[in-house]
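Enquirer: Mind folding the following:
(chains A, B, C and D)
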Amino acid sequence: MRWPSCPRSAAAERVLHLHPARFDPLAALAEWQQGLTAAGAEAPAAEAHFIGRVRGRTASGAPLEALELEHYPGMTEAQIERIAATITSRHGLLAVRVDHRVGRVLPGEAIVLVAVAADRRGPAQRGGQELLEALKHEAPFWKREWSGGLGTWVEGNTAF
Amino acid sequence: MRWPSCPRSAAAERVLHLHPARFDPLAALAEWQQGLTAAGAEAPAAEAHFIGRVRGRTASGAPLEALELEHYPGMTEAQIERIAATITSRHGLLAVRVDHRVGRVLPGEAIVLVAVAADRRGPAQRGGQELLEALKHEAPFWKREWSGGLGTWVEGNTAF
Amino acid sequence: MIRVRLFAGLRERAGWGEQQVPIPAGSPLPTPAHLWRQLALGETIPPQVRVAVNQAFATDDQQLQPGDEVAFLPPISGG
Amino acid sequence: MIRVRLFAGLRERAGWGEQQVPIPAGSPLPTPAHLWRQLALGETIPPQVRVAVNQAFATDDQQLQPGDEVAFLPPISGG
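Expert: Just a heads-up that it's a prediction; the model follows:
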């Protein structure tokens, strides 16, 4: 989905994708970068990215078969949009992209990609960090770890 | 160049490339990611990247024709290696990659790519940020802005 | 009617994910806290459970309107 | 001999990038600060200029050995 720009950041483009199947973070970044310079615009001076992937072990150390990611269709998208708009405006970002998996995710697969573009490195890095933290705590996603045929809901996030 | 691992971080791989010509940051990332999982190793849980590109204007706002990047062959590589080893050890990083342009760089082209992999998002993001700051202040590179046919050495870095 | 939704562990403990709750004519408009008790989810909403009304975070005591969608969200674990 | 190198703006102001400085037999070993003065780069090394000996940062008063490479580095502007 592609959100309309909000009035306070007319030039800032925000792109969100929820993926029901495996996605390639570098392909997503390539598409995003092409979009940023599509109309002949100059490439942004600073880009910060974060990729999160599924670990091969559960929180308690057992081998993980898969991670199941539940979300709240409608609210999850709306909430990510609110978060992205707030952080874009706070840091004066030029563009934001968020990709997030839903459904069954295997060890090593990407769960999340956050990419932000800005005119300077500070806002790009800080904006990316804040966006990721906000996603983890304010966007409705729930993880269930599957191990030994049993599913266990993860309550809360791993330590920063 | 590919550095031998230092004893305190046997598994941490550090890769450095100085590019005399244009490079593609996403191709560099793809190559780096392939290397990380080449021996069947699990992909790292957290990756943070930063890409810096040349602005279309000089520090004083004039149109920029090109940025010229001088370095100190031998010391620049050695100094980046020292920086990367220190930060890898401090944050327990799994892998680090630094790509940096030298020579004549055009507006919109990438100057620097920093990529770090870690087991958690905090060390990945903090490690990447510290590595970039250290590169900017402790690795011998000098920028000259070319505008209107005149070259001006840039003394110091842009604000964070 | 008010649509009530549960997610993840909350849904599985309750054994249902969605209910339509009628509002009898003339009765006072409920809050999420009322519905939590009325649907036998517990006495009070535990502090780690968050409430959403019409797909935005809300408070436990917000007065609901017919047609509203209320969701009870267990602790978030995204990214 | 000691190899002395200048970079970027320093090199252009001086008009040279590299010199081999002989060490007369029996004379005391120089420091980077001595060489700076001896090569007429100025009276004292300005605070914003950094010194490297054998491609690692060093102090202005480090005693140099024959065969060493000394570099004077103007303010760094990388990344």
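Enquirer: Enumerate the residues of chain A near chain B.
Expert: A:26, A:29-30, A:33, A:37, A:42-56, A:107-108, A:119-122, A:124-125, A:128-129, A:132, A:158-160 (C-beta under 8 Å from any C-beta of the partner chain). C-beta here means a position set from N, CA and C on the backbone, and glycine is covered the same way.
Enquirer: Whichever of those end up buried, select them in ChimeraX.
Expert: Buried residues within the residues of chain A next to chain B, by 16 or more other C-beta atoms under 10 Å in any protein chain shown, are selected in ChimeraX with:
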select /A:26,29,33,43,44,45,46,47,48,49,50,51,52,53,54,55,107,120,121,122,124,125,128,129,132,158
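Enquirer: Kindly identify which of the residues of chain A next to chain B also come near chain D.
Expert: Filtering these for neighbours of chain D using C-beta under 8 Å from any C-beta leaves A:R121.
Enquirer: Can you list which of the residues of chain A next to chain B are found in helices?
Expert: When DSSP state H defines the helices, the subset of the residues of chain A next to chain B inside them is A:26, A:29-30, A:33, A:121-122, A:124-125, A:128-129, A:132.
Enquirer: export the residues you listed to TSV and tack on pLDDT and distance to A:F141?
Expert: Output for those, formatted as TSV (pLDDT from 0 to 100; distance: C-beta to C-beta, whole Å):
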residue	pLDDT	distance to A:F141
A:L26	98	23
A:L29	98	21
A:A30	97	25
A:Q33	96	26
A:R121	96	29
A:G122	96	28
A:A124	98	24
A:Q125	97	24
A:G128	97	18
A:Q129	97	18
A:L132	97	13
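Enquirer: residue ranges with poor pLDDT in the chain?
Expert: Since no chain was named, I'll use chain A. Applying pLDDT under 70 to chain A flags the ranges A:1-11, A:156-160.
Enquirer: same check, this time on chain C
Expert: Residues of chain C meeting the criterion pLDDT under 70: none.
Enquirer: quick one: the strands in it?
Expert: With DSSP state E as the criterion, chain C has strands at C:2-6, C:18-21, C:50-53, C:56-58, C:69-73.
Enquirer: and if you look at chain A?
Expert: A:13-19, A:46-53, A:66-71, A:95-101, A:103-105, A:110-118, A:141-147, A:150-153.
Enquirer: In TSV, list these along with distance to A:A84.
Expert: As requested, those are arranged in TSV below (distance: least, C-beta to C-beta, whole Å):
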stretch	distance to A:A84
strand A:13-19	5
strand A:46-53	14
strand A:66-71	16
strand A:95-101	5
strand A:103-105	22
strand A:110-118	9
strand A:141-147	15
strand A:150-153	26
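Enquirer: Of all those strands, which one comes closest to chain C?
Expert: strand A:141-147 (3.3 Å; C-beta to the nearest C-beta).
Enquirer: What helices and strands are in contact with that closest one?
Expert: strand A:66-71, strand A:150-153, helix C:8-14 (3 or more C-beta pairs under 8 Å, 6 or more residues apart in numbering or on different chains; DSSP states H and E).
Enquirer: now, among the ones in helices among the residues of chain A next to chain B, which is nearest to chain D?
Expert: Nearest to chain D among these, with distances taken as C-beta to the nearest C-beta, is A:R121, at 7.8 Å.
Enquirer: Who are the contact partners of that closest one?
Expert: A:45-46, A:48, B:50, B:52, B:132, B:160, D:79 (C-beta atoms under 8 Å, 6 or more residues apart in numbering or on different chains).
Enquirer: Residue of chain C closest to chain B, please.
Expert: Closest contact between chain C and chain B, by C-beta to the nearest C-beta, is at C:G79 (7.8 Å).
Enquirer: hang on, that residue packs against A:F141?
Expert: Yes - assessed by C-beta atoms under 8 Å, C:G79 is found in contact with A:F141 at 7.3 Å.
Enquirer: contacting residues for the residue of chain C closest to chain B?
Expert: A:52, A:100, A:111-112, A:132, A:135-136, A:139, A:141, A:157, B:121.
Enquirer: change it to 6 Å
Expert: Applying C-beta atoms under 6 Å, 6 or more residues apart in numbering or on different chains, we find C:G79 in contact with A:52, A:112, A:135-136.
Enquirer: Neighbour-wise, which one of those leads?
Expert: Counting neighbours by other C-beta atoms under 10 Å in any protein chain shown, A:G52 leads the contacts of C:G79 with 26 neighbours.
Enquirer: now for the helices and strands packed on strand A:141-147, which one comes closest to D:G67?
Expert: strand A:66-71 (59.0 Å; C-beta to C-beta).
Enquirer: Look through chain C and state the residue closest to chain D.
Expert: Closest point on chain C to chain D, by C-beta to the nearest C-beta, is C:G79, at 27.7 Å.
Enquirer: Just put the strands of chain C in CSV and tack on mean neighbour count and distance to A:G151.
Expert: Shown next, in CSV, are these (neighbours: other C-beta atoms under 10 Å in any protein chain shown; distance: least, C-beta to C-beta, whole Å):
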stretch, mean neighbour count, distance to A:G151
strand C:2-6, 20, 17
strand C:18-21, 12, 20
strand C:50-53, 20, 22
strand C:56-58, 14, 26
strand C:69-73, 21, 18
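Enquirer: Let's have the ones you listed in JSON lines, adding distance to chain D.
Expert: Formatted as JSON lines, the strands of chain C follow (distance: least, C-beta to the nearest C-beta, whole Å):
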{"stretch": "strand C:2-6", "distance to chain D": "48"}
{"stretch": "strand C:18-21", "distance to chain D": "52"}
{"stretch": "strand C:50-53", "distance to chain D": "41"}
{"stretch": "strand C:56-58", "distance to chain D": "40"}
{"stretch": "strand C:69-73", "distance to chain D": "42"}
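Enquirer: Pipe those into CSV and attach distance to B:R14 per row.
Expert: What follows is the strands of chain C, written out as CSV (distance: least, C-beta to C-beta, whole Å):
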stretch, distance to B:R14
strand C:2-6, 48
strand C:18-21, 52
strand C:50-53, 43
strand C:56-58, 43
strand C:69-73, 42
